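J.: Sharing a model that was predicted from the sequence below.
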Amino acid sequence: MWKKEITDTLRQTASLLSFLLVVPLMFGINQLRLENNLTFFSYAVWGILAVAPLLVFYLAYTMFASDDKDGAQEYLKSLPLPYQNIFWMKVLPRFVSALLFILAANWLVHKYWWTHGMSAFWLSVDIEGYLESIFMVAVAMLYGFLLGISDRRNPFLAIALMIPVLFILLSSDTLAIRKILYFLFSHVMKPLGLMHLWFFNLLRVVSFIIAVVIPAVLPLLVLIPVFKSWDASSGKIRSQRILKRMAMPLTLIIALFTIYKLNLL
């Protein structure tokens, strides 16, 4: 099972990254028609920055693609393995593959940010940027597993499970995080006399978790019973249960996102 999942992950990763083959074509066309074209390296980095988040969503969505194609969902349920083992076999290889690529993109931005003027709205090289990368990939794979054991082709379910991931992707640099950080600095760091950089960075992590991570994983808490009952109902019934249970947490996430973007908090 592990060998199959790792092989599937590598194949799915390679198929998505094949889109990077368009980069030399775009560079060649612009080289012919533009007098002052960017370097090929610049095109390559921009391509990597564009493909990186797509890879996360693609690996999450195709987690059970081979099982659906081969009709192996029932076979998976019949295996004498705890569902936790199947969960790790599905999630872990894809998490590692996507995270390594995201971290490589982070490294490129960090190394060539000033010299080439490159950045991405979803990517940053500070503490929040790396936290965003890790949690975005982890949450995407968790919701990808839930999508896979339900009705993967249900567009409403796919969108619902995508919203918490997009929340992490688009909320890593908000005024709310800075306000929470300032509150913790004023009411925790200064009163305790812990005026150290390491403690300030710890408070940055805590602020990010409070403002971004906790709302994004809240739907997972209400979906734990659905995960535990994987072998007890059909995918369509499970999808309906997921959508009903996620209604309130998703409403909260959308409300928080609106508040963050309008700087109401």
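T.: Sure thing, it's come through. Keep in mind that what you see is a predicted model, and the values were worked out from it rather than measured.
J.: Would you mind measuring the gap between the ends of stretch 167-185?
T.: End-to-end distance for stretch 167-185, by C-alpha to C-alpha, to the nearest Å: 25 Å.
J.: cool, stretch 9-28 as well?
T.: Length of stretch 9-28, first residue to last, C-alpha to C-alpha: 31 Å.
J.: Can you give me the buried ones in that stretch?
T.: Neighbour-count burial for stretch 9-28, counted by 16 or more other C-beta atoms under 10 Å, picks out 9, 12-13, 16-17, 23, 27. Heads up, the C-betas are built off the backbone N, CA and C, glycines and all.
J.: helices and strands of this structure: which one bottoms out on pLDDT?
T.: Here the helix or strand of the chain ranked lowest by mean pLDDT, DSSP states H and E is helix 73-78, holding a mean of 58.
J.: What residues of stretch 83-102 count as buried?
T.: Within stretch 83-102, judged by 16+ other C-beta under 10 Å, the buried ones are 83, 86-87, 89-91, 93-95, 97-99, 101-102.
J.: Confirm for me that residue 184 is in contact with residue 208.
T.: No. Residue 184 is not in contact with residue 208 according to C-beta atoms under 8 Å; the separation is 11.4 Å.
J.: Please say which of the two ends up with more neighbours.
T.: Ranked by neighbour count (other C-beta atoms under 10 Å), residue 184 and residue 208 place residue 208 first, with 23 against 19.
J.: Could you list the residues in contact with the helix or strand where the more buried one lies?
T.: In the assignment (DSSP states H and E), residue 208 maps to helix 197-208. The contact list for helix 197-208 (C-beta atoms under 8 Å, 6 or more residues apart in numbering) reads 127-128, 131-132, 172, 177-178, 180-181, 184-185, 188-189.
J.: Quick one: mean pLDDT for it?
T.: Taken as a whole, helix 197-208 has an average pLDDT of 91.
J.: mind checking the SS state of the residue of the chain positioned farthest from its centre?
T.: The centre of the chain is farthest from one residue, residue 35, which by C-alpha atoms, centre = their mean lies 38.4 Å away. Secondary structure, DSSP: H, G, I helix; E, B strand; the rest coil: residue 35 is coil.
J.: Check residue 173 too.
T.: coil.
J.: let's have the chain start at 612 instead
T.: All right, first residue 612 from here; so that's residue 784.
J.: How far off centre is stretch 815-822?
T.: Relative to the centre of its chain, stretch 815-822 is centred 17 Å away, using C-alpha atoms, centre = their mean, to the nearest Å.
J.: hang on, the earlier thing: and which of the buried residues of stretch 620-639 is nearest to residue 676?
T.: residue 623 (7.5 Å; C-beta to C-beta).
J.: so which helix or strand takes in the closest one?
T.: Per DSSP H and E: residue 623 is located in helix 613-628.
J.: For that helix, name the packing helices and strands.
T.: Judged by 3 or more C-beta pairs under 8 Å, 6 or more residues apart in numbering; DSSP states H and E, helix 613-628 is in contact with helix 651-672, helix 676-681, helix 694-727.
J.: Now do that helix, average pLDDT.
T.: For helix 613-628, mean pLDDT is 91.
J.: same thing with stretch 857-875?
T.: 90.
J.: Spit out the contact partners of the residue lying closest to residue 651 once chain neighbours are set aside.
T.: Nearest residue to residue 651, sequence neighbours excluded (C-beta to C-beta, 6 or more residues apart in numbering): residue 638, at 5.1 Å. The contact partners of residue 638, by C-beta under 8 Å, 6+ apart, come to 648-649, 651, 654.
J.: For those, pick the one with the most neighbours.
T.: Ranked by neighbour count (other C-beta under 10 Å), the contacts of residue 638 have residue 654 at the top, with 21 neighbours.
J.: Can you give me the distance of that residue to residue 804?
T.: From residue 654 across to residue 804, the span is 51 Å (C-beta to C-beta, to the nearest Å).
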